[in-house]
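Undergrad: Okay, sequence plus prediction incoming.
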Amino acid sequence: MGDRWTVEVDRGVCIGSGMCVNHAPDGFALDSARQSHPAAPETDANEKVLAAAEGCPVEAITITLIESGEAVFPPEE
């Protein structure tokens, strides 16, 4: 079994660019206020969701490993 992630969007930072939806249409959606939210707050590790986080122009998306709480994105420095 692979890793499971918790995906969160900081709606105070999100500018509604829609890049996350372009990268991972099954992983994110924009609401009527053009704020992003994950389709599911917990998901299997997924390259498209990671690409969405990496492509967010304001880094509003965070991904952590469910089991350990370790940061997947942004990586800990």
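TA: Received, thanks.
Undergrad: how would you label residue 76: helix, strand or coil?
TA: Classification of residue 76 using DSSP: H, G, I helix; E, B strand; the rest coil returns coil.
Undergrad: Just list the residues touching it, thanks.
TA: Applying C-beta atoms under 8 Å, 6 or more residues apart in numbering to residue 76 gives the contacts residue 70. Just so you know, the C-beta spots here come from the backbone N, C-alpha and C atoms, and that holds for glycine as well.
Undergrad: pLDDT weak spots in the protein?
TA: 1 (pLDDT under 70).
Undergrad: what are the ranges of the helices in it?
TA: Per DSSP state H, the chain carries helices over the ranges 19-23, 47-55.
Undergrad: Dump the ones you listed to CSV, plus mean neighbour count and distance to residue 2.
TA: Shown next, in CSV, are the helices of the chain (neighbours: other C-beta atoms under 10 Å; distance: least, C-beta to C-beta, whole Å):
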stretch, mean neighbour count, distance to residue 2
helix 19-23, 20, 19
helix 47-55, 18, 11
